[in-house]
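**Q** After the sequence you'll find the predicted model.
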Amino acid sequence: MADEAIKNGVIEALEDLTGSDEVATDLDLDLFETGLLDSMGTVQLLLELQNQFGIDVPVSEFDRNEWSTPNKIIAKVESMQ
C-alpha cells in the first residue's frame, strides 16, 4: 500500500504543476501523452520531489517511461526513500 504522505505529496505537486485535478482521480493517467507534463514540468517536478522528500533524481537518469503516471511517480519516490 502506498505511503499516504508520499501519495498526497506527489499528487499535490502534480496538481500544482499541471493545473489539473485529473491527476488525483486517474492515477494511471499518462502525463506525457496527455500533454499535462513536458520536459520543463518534469524538471520542476523533480525539484519539488527533491524538496519535499529529499530524493535526488538527476535529469540524466530520468526515464520518462518510469515516471509517466501518478502511480509510477509515487512508486519511484517510495523506492528512493
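**A** Structure's in. What do you need?
**Q** Centre-most residue in the chain?
**A** residue 73 (4.3 Å; CA atoms, centre = their mean).
**Q** Make sure it is actually in contact with residue 17.
**A** No. Contact criterion CB atoms under 8 Å: residue 73 and residue 17 do not qualify, at 11.0 Å. In this view, the C-beta of every residue, glycine as well, is placed from N, C-alpha and C.
**Q** Give me the common contacts of the two.
**A** residue 45 (CB atoms under 8 Å, 6 or more residues apart in numbering).
**Q** The closest residue to residue 43 other than its chain neighbours - how many residues pack around it?
**A** Closest residue to residue 43 apart from its sequence neighbours, by CB to CB, 6 or more residues apart in numbering: residue 59 at 6.3 Å. Using other CB atoms under 10 Å, residue 59 has 10 neighbouring residues.
**Q** How about residue 25?
**A** For residue 25, the tally of surrounding residues (other CB under 10 Å) stands at 10.
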